[in-house]
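**Q** Got a sequence here, can you build the structure:
(chains A and B)
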Protein chains: 2
Amino acid sequence: MQALSSAEIIAVGSELLTPTRIDTNSLAITDTLNQLGIEVRAKTIVGDRRADLAAVVRGALARVDLVVLCGGLGPTDDDLTREVVADVLERPLREDAVITEAIRARFRRRNLTMPDINRRQAMVPGGGVVLANVNGTAPGLWIEHGDQVVVLLPGPPRELGPMLEGEVRQRLSARVSGEGLFTRVVRIFGRSESHTEEAVQPFYQPWAAGAPAIEVTILAARGAIDLHLTARAHSQAEAFAVLDPAVRQAVAALGDDVYSESGHAIEQVTGTLLRARGWHLAAAESCTGGLLLSRLTDVPGSSDYVACGIVSYSNQSKLDLLGVDAEMIEAHGAVSEPVARAMAAGIRNRSGAEVGIAITGIAGPGGGTEAKPVGTVVIALETPAGALVRTRQLTGGRDLIRAMAAHGALDMLRRLLTGRQVP
Amino acid sequence: MQALSSAEIIAVGSELLTPTRIDTNSLAITDTLNQLGIEVRAKTIVGDRRADLAAVVRGALARVDLVVLCGGLGPTDDDLTREVVADVLERPLREDAVITEAIRARFRRRNLTMPDINRRQAMVPGGGVVLANVNGTAPGLWIEHGDQVVVLLPGPPRELGPMLEGEVRQRLSARVSGEGLFTRVVRIFGRSESHTEEAVQPFYQPWAAGAPAIEVTILAARGAIDLHLTARAHSQAEAFAVLDPAVRQAVAALGDDVYSESGHAIEQVTGTLLRARGWHLAAAESCTGGLLLSRLTDVPGSSDYVACGIVSYSNQSKLDLLGVDAEMIEAHGAVSEPVARAMAAGIRNRSGAEVGIAITGIAGPGGGTEAKPVGTVVIALETPAGALVRTRQLTGGRDLIRAMAAHGALDMLRRLLTGRQVP
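**A** Here you go, the predicted structure:
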């Protein structure tokens, strides 16, 4: 059998063709395939029309070794993937009683009766191997077709993820030549995309001339910048032999703005720093309305270092719950350095946590003034390692201002805890 | 000439096939096409390989009236779109001296000499109409091919945007039937995708047989279900004449599980109900860690009805900040109906808000027991309209459990405030 080296990804579902929906499954699939050295040559999103889907599948089979479809495996009438692929490959569907029973049991565990339409999810094309779905009713399918492979995955990311990283990766590993793409991700906060590029551009040529060569991508998302360094190699060790020194060069050039050399989120980085000291954090949030704590507690095990928080959205609650002085708010305004400091001190005292962090600001769209326009955000820290307060002028819509304020507060704590400069 | 009614979008560029890049141009293009009543039937991203691009363009031309390509119009070797389209349509390229001069002038204005490779950007397929680019060197192209139209747009969004909204929209307007697509969105919480479909399936046939016909899509995302009803019509009034009665039928069939008939988020719906009563809400969150309040305060103007919140992540903070009895936690555990009720009463008393809402649960992955497995979540409400407490058994990963718990708490409040049944 020939090694699989080229792939197309097909996402199925009319909802993915609306002006607001983005297909993110194909990114995870691309990542896995690239790691295995399989090049993704095209990605298509196609709606729930039998003829269109059949034509797209036929087109892909004419060009590449591996076709990965996702979505359209649900129980309803517009879930066509299984049937269309069976048609195109000329392999009639038959119901697999074991799958039907598994789906029925899943409903039973939730005290529900399986609707009859769910039996469609137990239909398997001849020669297809069933891929178990630990998080849902729709099983995946692995179909070998001559030297080619067609894989069907469910659309919901939490169902697709484990199947992709488990059985699909395992089966693909046995069918590839052994060269893969390996990436290291450096994460940056506090400088723009172009200033990031300026800092690392001198390395582009030596990196590209190395063996293996390093490819560079810079991505900006919600105020943070990611630098991706990628190499094609037979093993992680071979790739990292060139990537690790390159990461060190990039980190030296980017200085204090690097918050992770290994793709970690800022809430993980800060959490690790707190855990190492045995410190607990308590937050007082105004304009971010709980977003900072919600991100911190996204991380499993965060109860080790997150104590509690107070969302003092109204001015009254800043007095009642945090003990901020009414006259201080009167004199300086709720969005001011004295009030932010008082909020951080207040939450720290009331909780007994080592670290108090406070955010107050104007997320917009209303509430701005000439002196304090929308985007004005004040962040204060009270810690055993010292206190800090900064006023930031953020730009963007309400969502972006809130996201940047939460990220910025965590990054400020990271800098304080590691002795970096805080601009 | 026949009216254009179906389209495919093709984004060109190997960089768009990496695990981190998302194609957003196609969203803007879809929006414009839908507004003009043109249905997008598929979107493809294809790399910089001549044969792949040619095959994808041929495939699209075999299925739809309009093919919109974006990207690959730059001056370098891997910018193939112009040449491949000329090949597929069998219209030889010739250099357009006016374009060459315009590009040369653009360089001159920046005191630069035009590199010779930029002459490639002045190549026009026979019969092609040039679309001016106000923000870059690559002109777009409009090519009529029998009854079909092929449009080539530059990849950078700030170059594509003005071209799309200007000349392309104008030219397309003259080629469509004057019908647009109109959609109404019904949002549902508390039943599965398949149980939603079961409830509305009896209407599919009458809806499809109406004039204009209604197309139905059901979407599941993070535990909530969206029902999209879409009609093609000459005006919103004409579409809504069939969509409004259909929405009423769906709402009658889905009963208390409908939280919005007009696509609003649960935090908007609950906010509107609170504002109408002049009530304020205060939240005590444990496992959701601030997510509930963060979602409520996502909505501009939410300070009208959000008072404050306490994230009592540690047990100690449940005692200190909410006044929960230590013996009660000892006796029933932190995840229990008595503790949830005490949390809701505690936050209500301390804040003076009319509505107290509390969530305590086990989001996982750790912390589960046989009696209280991961996913056990208790929600309590204390309001002037009455008190409520419910224990839910949620499934999924940490993120999904937290999202469902926050959504479920808001939905429970919605049901209480509107006199609906709370399962």
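**Q** Do a quick rundown of the helices in the stretch 151-300 of chain A.
**A** All helices of the stretch 151-300 of chain A, identified by DSSP state H, counting those that start in this stretch, fall at A:157-163, A:169-173, A:193-209, A:236-254, A:266-277, A:291-296.
**Q** Which residues does the last one contact?
**A** Put plainly, it is helix A:291-296. By C-beta atoms under 8 Å, 6 or more residues apart in numbering or on different chains, the residues outside helix A:291-296 that reach it are A:265, A:267, A:270-271, A:281, A:283, A:285, A:302, A:306, A:309, A:357, A:359, A:402-403, A:405-406, A:409-410, B:288-291, B:294, B:311, B:313. All C-beta atoms are positioned from the backbone trio N, CA, C, and that covers glycine.
**Q** which ones are touching residue A:240?
**A** For residue A:240, the contact set (C-beta under 8 Å, 6+ apart) comprises A:182, A:184.
**Q** Roughly how far does it sit from chain B?
**A** Distance of residue A:240 to chain B, given as C-beta to the nearest C-beta, to the nearest Å: 18 Å.
**Q** is the helix or strand of chain A with the lowest mean pLDDT anywhere near chain B?
**A** Least confident helix or strand, chain A: strand A:214-221 with a mean of 81, by mean pLDDT, DSSP states H and E. Yes: under the criterion of C-beta under 8 Å from any C-beta of the partner chain, chain B is reached by strand A:214-221 at A:217, A:219.
**Q** Spell out which strands sit alongside that strand in the sheet and which way each one runs.
**A** The pairing partners recorded for strand A:214-221 under DSSP bridges are strand A:224-233 (antiparallel).
**Q** Now do the strand it pairs with against helix A:266-277, angle only.
**A** Angle, strand A:224-233 to helix A:266-277, by axes from the mean of the first three to the mean of the last three C-alpha atoms, to 10 degrees: 90 degrees.
**Q** buried residues in stretch A:34-52?
**A** In terms of neighbour count (16 or more other C-beta atoms under 10 Å in any protein chain shown), stretch A:34-52 has its buried residues at A:34-49, A:52.
**Q** Would you pull up how far it lies from the middle of the chain?
**A** From the chain centre to the centre of stretch A:34-52 is a distance of 21 Å (C-alpha atoms, centre = their mean, to the nearest Å).
**Q** what's the straight distance from one end of it to the other?
**A** End-to-end distance of stretch A:34-52 (C-alpha to C-alpha, to the nearest Å): 27 Å.
**Q** per-residue confidence averaged over that stretch?
**A** What stretch A:34-52 shows for mean pLDDT is 93.
**Q** same check, this time on stretch A:338-347
**A** On average, the pLDDT along stretch A:338-347 is 97.
**Q** Quick one: residues in contact with it.
**A** A:282-284, A:286, A:309-310, A:312, A:318, A:321-325, A:328-329, A:331-333, A:353, A:356-360, A:378-382, A:387, A:389.
**Q** if you set the cut-off to 7 Å instead, what comes out?
**A** A:282-284, A:310, A:312, A:318, A:322-325, A:328-329, A:332, A:356-358, A:360, A:378-382, A:389 (C-beta atoms under 7 Å, 6 or more residues apart in numbering or on different chains).
**Q** Kindly format the C-alpha coordinates of the helix or strand hosting residue A:104 as PDB.
**A** Per DSSP states H and E, residue A:104 falls inside helix A:97-109. C-alpha atoms of helix A:97-109 as PDB (Å, rounded to 0.1, in the frame of the first residue of the first chain):
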ATOM      1  CA  ALA A  97     -27.100  -3.500  15.600                       C
ATOM      2  CA  VAL A  98     -24.200  -2.900  18.000                       C
ATOM      3  CA  ILE A  99     -24.200   0.800  17.300                       C
ATOM      4  CA  THR A 100     -28.000   1.100  17.500                       C
ATOM      5  CA  GLU A 101     -27.800  -0.500  21.000                       C
ATOM      6  CA  ALA A 102     -24.900   1.800  22.000                       C
ATOM      7  CA  ILE A 103     -27.000   4.900  21.000                       C
ATOM      8  CA  ARG A 104     -30.100   3.500  22.700                       C
ATOM      9  CA  ALA A 105     -28.000   3.000  25.900                       C
ATOM     10  CA  ARG A 106     -26.700   6.500  25.800                       C
ATOM     11  CA  PHE A 107     -30.300   7.900  25.700                       C
ATOM     12  CA  ARG A 108     -31.300   5.500  28.500                       C
ATOM     13  CA  ARG A 109     -28.500   6.700  30.800                       C
END
